[in-house]
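>>> Here's my sequence, what's the structure:
(chains A and B)
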Amino acid sequence: MYLENTSLEDVEETFALMDDWEDRYRYLIELGRKLPPLSEDEHVEQNKVRGCASQVWIVTRPHPEDSTRMVFIGDSDAHIVKGLIAVLLLIFSGKTRPEITATDARKILEQLGLAEHLSPMRTNGLFSMLQRIGDMAAA
Amino acid sequence: MIAMSDRAGAPDSLDLNRVRADFPILRQTVHGKPLCFLDSAASAQKPQVVIDTVSKLYETGYANIHRGIYKLSQDATEAYEGVREQVRDLINAEHAKECIFLRGATEGINLVAQSWGRAFLREGDEIILTEIEHHSNIVPWQMLRDEKGLQIKVAPVGDDGALDMDAFAALLSPRTRLVAMVHVSNAIGTIMPVEKIIELAHAAGAKVLIDGCQAVPHMPVDVRALDADFYVFSGHKIYGPTGIGVLYGKAELLDAMPPWQGGGDMISTVTFEKTTYNELPQKFEAGTPNIAGGIGLGAAIDYVRSIGFEAIAGHETALLDYATEKLRGISQLRIIGTAPEKGAILSFVVDDIHPHDIGTILDREGVAVRTGHHCAQPAMERFGVTATVRASFAIYNDFNDVDRLVAAIRKALEIFE
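The predicted structure follows:
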């Protein structure tokens, strides 16, 4: 469990039940609020993701049991972006590097109805975040 | 909606229903809601007459200009050069040749930096900018500074965003060669006292370049009354096409300046030994210009002048006053930029909610605003923010747009509660 009481399946089920954009945003904001906080040391330039209109940081933390698995965590000063980070965390955390590389995040985000945030030119930087996670897994 | 005449003394001379009908894009819906377009400071929408003029040119009147012996080319040349005269009249320049057509205002500033600046500035010379300049009026001067060893000094603004005139005057020195300043701030709306600035700068022996992008579409501008040495503006913000802008320069300055870009149109004769350059304005217009953009700009200028700047300014000021009053009613909201003299631009932040979040919710409500640093990061830093939400008003906005903005902000507050 990488986000308090929430799995990717929970998010998928909840989104499937919501047809109102307002409710989806509210839920996304709620997810963002559940993100464990980053430390001051982690809020640094090298963890910042470029290409986002708001400030975005993404870091990895050691997996408690299995060192071949990665855990992602992040933060933003924008609520909706924080929610998107939470979704990414749920998609990728706990996976091995090859699993991360093989994960089709775009498809999952499309199923969640979040694909509109995905174009490279969208200023929320979801595209850049995905690239950063890919780079971290490939490093 | 309350009739315009009831609001803040707005004149009746602007027929808002007619104006709105002139802009086909306003009939769009966004996320199922009628478009409420509040981002004209970034780029204005186009009236039908501009769209038609550009289409008609391509359908029946298009050819390359300045060269052809045949009728089509001569007609297109006449139309394009006719716009230069319209621009001259719009800003009251003395000669049409003082109005150089370029890609935009940014290119105009770069031209002055690279041509005038490289030819006439020396190590140790000083340029004065202000804290609220657009990056376009900062970066070209930094590039020149680094090349020539110049000094850039920055005139501060007060907490309301108005220029600190005493501080500005104190920056002027015998080494000041140029003051480059915005006329109306794109980020926070401040109208700069450019007439007084130019007077002070000239008394100190400096030239002045004014960035008029946010002024020319909204108020009468008279470059001769201002005595501006250089004045730039873009076509797309005055309801014209993108990719066309104007650099005005006093003829004696432009004549003394070397060409910037080389190519066709800007030459008189070319041999491999020596090239002689064309006269103004072609000296600065290398290559085939944006012919359709220029001719479209002519239609836009005609359109704006048919409405009249008195009516435009009255209407936009009424919108700004109404919006300012309404936004002040939202306790979590802080307006950035409260100078006594402002263009119809409202920049604001909301407690604990990132501008990007606000913009996302507003978009869902069909309200298009700009969020971010507005290409003016030093201005953001001055006010202790990294970004703002910016609503900007134009001739086609109405009081209903303001009401929708306010309602959408309240909705965002509720969602992010």
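
>>> Leaving out chain neighbours, which residue sits closest to B:Leu253?
Closest residue to B:Leu253 apart from its sequence neighbours, by C-beta to C-beta, 6 or more residues apart in numbering or on different chains: B:Asp229 at 6.0 Å. Where you see a C-beta, it was placed from the backbone N, CA and C, and this is true even at glycine.

>>> Number of residues surrounding the one you found?
When neighbours are counted by other C-beta atoms under 10 Å in any protein chain shown, B:Asp229 registers 24.

>>> so what's it up against?
Applying C-beta atoms under 8 Å, 6 or more residues apart in numbering or on different chains, one finds that B:Asp229 lies in contact with B:207-209, B:249-250, B:253.

>>> Quick one, grab the pLDDT at it.
As predicted, B:Asp229 sits at a pLDDT of 98.

>>> cool, and A:Asp10?
The pLDDT attached to A:Asp10 in the predicted structure is 94.

>>> For chain A, give me the ranges with low pLDDT.
Counting by pLDDT under 70, chain A contains low-confidence residues at A:1, A:118-124.

>>> in it, what residue is nearest chain B?
For chain A, the nearest residue to chain B under the criterion C-beta to the nearest C-beta is A:Ala78, separated by 3.6 Å.

>>> show me where chain A has strands.
Assignment of strands within chain A using DSSP state E yields the ranges A:56-62, A:69-76, A:95-96.

>>> Who are the contact partners of the nearest residue to A:Trp57 once chain neighbours are set aside?
For A:Trp57, ignoring the flanking residues on the chain, the nearest one in space by C-beta to C-beta, 6+ apart is A:Asn47 at 4.4 Å. Remark: with contacts taken as C-beta under 8 Å, 6+ apart, A:Asn47 is in contact with A:38, A:57-59.

>>> if you set the cut-off to 10 Å instead, what comes out?
A:Asn47 sits next to A:38, A:41, A:56-60, A:74-75, A:132 when contact means C-beta atoms under 10 Å, 6 or more residues apart in numbering or on different chains.

>>> Give me the buried entries from those residues.
Buried members of the contacts of A:Asn47, counted by 16 or more other C-beta atoms under 10 Å in any protein chain shown: A:38, A:56-60, A:74-75, A:132.

>>> residues from chain A in reach of chain B?
Contact residues (C-beta under 10 Å from any C-beta of the partner chain) of chain A with chain B: A:21-23, A:25-26, A:29, A:52-55, A:76-83, A:117, A:123-125.

>>> Only whichever of these are buried, select them in PyMOL.
The buried subset of the residues of chain A next to chain B, as determined by 16+ other C-beta under 10 Å, is captured in PyMOL by this line:
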select buried, chain A and resi 25+26+29+52+53+54+55+76+77+78+79+80+81+82+83+117+123+124+125
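
>>> And for the nearest residue to B:Pro289 once chain neighbours are set aside, the neighbour number?
The shortest distance from B:Pro289 to any non-neighbouring residue, by C-beta to C-beta, 6+ apart, is to B:Phe101 (5.7 Å). The number of residues packed near B:Phe101 is 26, by other C-beta under 10 Å.

>>> Spell out the secondary structure type for B:Phe101.
For B:Phe101, the secondary structure call by DSSP: H, G, I helix; E, B strand; the rest coil comes out as strand.

>>> Can you name the residues that contact it?
Under the criterion of C-beta under 10 Å, 6+ apart, the contact list for B:Phe101 reads B:80-81, B:83-84, B:87, B:107-108, B:235, B:244-247, B:281-282, B:284-285, B:289-291, B:293-294, B:297.

>>> Among the residues you listed, name the ones in helices.
With helices defined by DSSP state H, the entries of those inside them are B:80-81, B:83-84, B:87, B:107-108, B:291, B:293-294, B:297.

>>> Of these, which pair is most distant in space?
B:Glu81 and B:Glu107 (19.7 Å; C-beta to C-beta).

>>> what about the two, which has more around it?
In terms of neighbours (other C-beta under 10 Å), B:Glu107 is the more surrounded of B:Glu81 and B:Glu107; the figures are 22 against 16.

>>> contacting residues for that one?
Under the criterion of C-beta under 10 Å, 6+ apart, the contact list for B:Glu107 reads B:100-101, B:136, B:140, B:232, B:234, B:243, B:245, B:247, B:260-261, B:284.

>>> Among the residues you listed, which lie within strands?
With strands identified by DSSP E, the entries of the contacts of B:Glu107 that belong to them are B:100-101, B:232, B:234, B:245, B:247.

>>> pLDDT and distance to B:Arg334 added to those residues, as TSV?
Converted to TSV, the ones in strands among the contacts of B:Glu107 look like this (pLDDT from 0 to 100; distance: C-beta to C-beta, whole Å):
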residue	pLDDT	distance to B:Arg334
B:Ile100	98	41
B:Phe101	98	41
B:Val232	98	31
B:Ser234	98	30
B:Gly245	98	33
B:Leu247	98	37
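
>>> Please identify which two of the residues you listed are farthest apart in space.
Between all members of the ones in strands among the contacts of B:Glu107, the farthest pair (by C-beta to C-beta) comes out as B:Ile100 and B:Ser234, at 13.1 Å.

>>> all helices for chain A, in order.
Taking DSSP H as the criterion, chain A carries its helices at A:8-17, A:21-33, A:79-92, A:97-102, A:105-111, A:126-138.

>>> If anything else comes up later, I'll come back, but that's it for now.
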